[in-house]
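**Q** This is the structure alone, sequence omitted:
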Ligand SMILES: NC(=O)c1ccc[n+]([C@@H]2O[C@H](COP(=O)([O-])OP(=O)(O)OC[C@H]3O[C@@H](n4cnc5c(N)ncnc54)[C@H](O)[C@@H]3O)[C@@H](O)[C@H]2O)c1
Ligand SMILES: [Zn+2]
């Protein structure tokens with residue numbers, strides 16, 4: 001049996017191909033018919049170890065089509081959204097809610113493309129799927145990841161926060177901080193449509209193509225630093241013109257803009273091996289930043305992939321109760337056939353491509 005999939009051919013090229021349908025291999029497996037899916041871009045750009053032929057789409061929402069003999073909590077027809085982390089659910093880290101650091105599936109780190117780990121949107125709520133479909137799709141990755149970025153910065157209600165990056169993750173971090181009672185939220189980027197979305201939700205947009213972002217924030221605040229900072233950019237950060245990659249740009253800025261004893265949350269990705277790095281140190285994941293200043297200011301740092309499972313149910317309930325509507329970030333809903341064009345435009349951050357949902 002075959003199905004259509006978005007297949008990675010080479011950097012900057014994906015193709016829709018017929019691939020073999022998955023099979024139940026483990027008693028706990030389920031097979032889901034996908035309704036919405038997407039992925040981020042590091043693999044697309046050839047900036048990870050992803051091999052040719054890999055099927056893209058690590059953010060998935062769909063309908064259970066088949067269940068393995070060990071599955072008792074789901075049945076065919078249930079609506080599910082799947083956290084992007086691949087995790088066993090049984091090891092020490094999984095049991096303690098750190099599903100991004102499963103010791104069984106990916107010893108030493110987390111990540112991957114298919115999830116064995118499922119979050120039911122739950123059967124009694126199935127009737128709500130149409131109403132909230134795009135919001136629920138954000139639960140696979142970016143809403144929990146933005147929330148996580150705020151969480152690991154040590155944020156408390158009433159504090160001020162600067163979020164670097166107004167991509168899907170940065171916008172979700174800003175939105176989460178606002179939901180959690182931030183007094184002020186600054187969002188730094190250079191893409192006009194993304195800054196406009198930040199403004200729309202009540203954050204203060206800062207355009208770093210117009211000058212040093214830290215100075216702009218300090219000027220607005222009469223020289224006062226912010227309490228917390230979030231790096232929602234990662235190792236592919238650029239200089240103000242957007243042309244030169246500068247992997248340490250955001251770390252350096254955060255250390256400057258956050259107050260002494262404040263905290264940095266770093267959900268933005270840094271990798272131990274980068275085939276396309278701008279220099280030989282960065283190729284091994286060595287990034288230089290002012291650790292002396294960080295120490296002097298007594299800053300704390302939280303990093304790593306998001307433990308999606310530990311937030312997902314609560315964020316789902318915020319959606320159902322009408323308190324959160326993360327789908328404001330979705331700029332395009334497209335058929336799967338347009339995946340190649342969608343990845344290209346999303347990658348170049350043109351034509352307002354902020355977040356895409358592909359519908360097979
Ligand atoms: N920790 C996790 O579990 C997790 C999960 C999902 C995504 N991520 C990572 O989070 C990061 C953001 O994801 P995304 O999908 O929003 O990416 P994105 O590439 O769409 O957005 C990044 C934004 O950063 C902006 N930017 C670049 N350099 C900048 C700088 N110096 N200052 C301010 N802004 C700058 C870009 O213009 C872009 O809009 C990526 O590194 C992604 O891999 C991490
Ligand atoms: Zn595990």
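**A** Done, it's in. Remember, predicted model here, so these are calculated numbers, not experimental data. Ligands and ions are numbered 1, 2, ... in the order given.

**Q** My guess is residue 75 contacts residue 64. True?
**A** Yes - the criterion here is Cβ atoms under 8 Å, and residue 75 meets it with residue 64 at 6.8 Å. (Each C-beta comes from the backbone N, C-alpha and C, glycine too.)

**Q** In terms of neighbours, single out the busier of the two.
**A** residue 64 (20 against 11; other Cβ atoms under 10 Å).

**Q** What helix or strand is the more buried one located in?
**A** Residue 64 is located in strand 59-67, with elements delineated by DSSP states H and E.

**Q** Briefly note if stretch 296-314 comes near ligand 1.
**A** Yes - counting by Cβ under 6 Å from any ligand atom, ligand 1 is contacted by stretch 296-314 at 305-306.

**Q** again with stretch 254-268
**A** Yes - using Cβ under 6 Å from any ligand atom, stretch 254-268 reaches ligand 1 at 267-268.

**Q** what are the pairing partners of the strand holding residue 64, and which direction each?
**A** Applying DSSP bridges to the sheet, strand 59-67 is found paired with strand 30-38 (antiparallel), strand 79-82 (antiparallel).

**Q** Out of those strands, which one sits most buried?
**A** With neighbours taken as mean count of other Cβ atoms under 10 Å, the strands paired with strand 59-67 reach their highest mean count in strand 79-82, at a mean of 24.

**Q** After that one, which helix or strand is next?
**A** Assigned by DSSP H and E, the successor of strand 79-82 is helix 92-95.

**Q** returning to what we had before: confidence-wise, which of the strands paired with strand 59-67 is weakest overall?
**A** Comparing mean pLDDT across the strands paired with strand 59-67, the weakest is strand 30-38, with a mean of 85.

**Q** Wondering if the strand holding residue 64 reaches ligand 1 at all.
**A** No - using Cβ under 6 Å from any ligand atom, strand 59-67 stays clear of ligand 1, coming no nearer than 8.8 Å.

**Q** in that strand, what's buried?
**A** Across strand 59-67, burial judged by 16 or more other Cβ atoms under 10 Å covers 59-62, 64, 67.

**Q** Checking my notes, residue 138 in a helix, right?
**A** Yes - counting by DSSP: H, G, I helix; E, B strand; the rest coil, residue 138 is part of a helix.

**Q** The host helix or strand of residue 174: how far from the chain's middle?
**A** For residue 174, the host element (DSSP H and E) is helix 168-179. Its chain's C-alpha centre and that of helix 168-179 lie 11 Å apart, by Cα atoms, centre = their mean, to the nearest Å.

**Q** what mean pLDDT does it have?
**A** For helix 168-179, the mean confidence score works out to 98.

**Q** who does that helix touch, helix- and strand-wise?
**A** Packing contacts for helix 168-179, counted by 3 or more Cβ pairs under 8 Å, 6 or more residues apart in numbering; DSSP states H and E, involve helix 142-152, strand 160-164, strand 184-189, helix 192-200, strand 226-231.

**Q** Any buried residues in stretch 269-288, and which?
**A** Residues of stretch 269-288 classed as buried by neighbour count (16+ other Cβ under 10 Å): 269-271, 274, 277, 282, 287.

**Q** got these as JSON lines, with pLDDT and secondary structure columns?
**A** Listed next are the buried residues of stretch 269-288 as JSON lines, based on pLDDT from 0 to 100; DSSP: H, G, I helix; E, B strand; the rest coil:
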{"residue": "269", "pLDDT": "94", "secondary structure": "coil"}
{"residue": "270", "pLDDT": "94", "secondary structure": "coil"}
{"residue": "271", "pLDDT": "89", "secondary structure": "coil"}
{"residue": "274", "pLDDT": "87", "secondary structure": "coil"}
{"residue": "277", "pLDDT": "86", "secondary structure": "coil"}
{"residue": "282", "pLDDT": "89", "secondary structure": "helix"}
{"residue": "287", "pLDDT": "94", "secondary structure": "coil"}
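
**Q** what about residue 27, neighbour count?
**A** Neighbours of residue 27 (other Cβ under 10 Å): 10.
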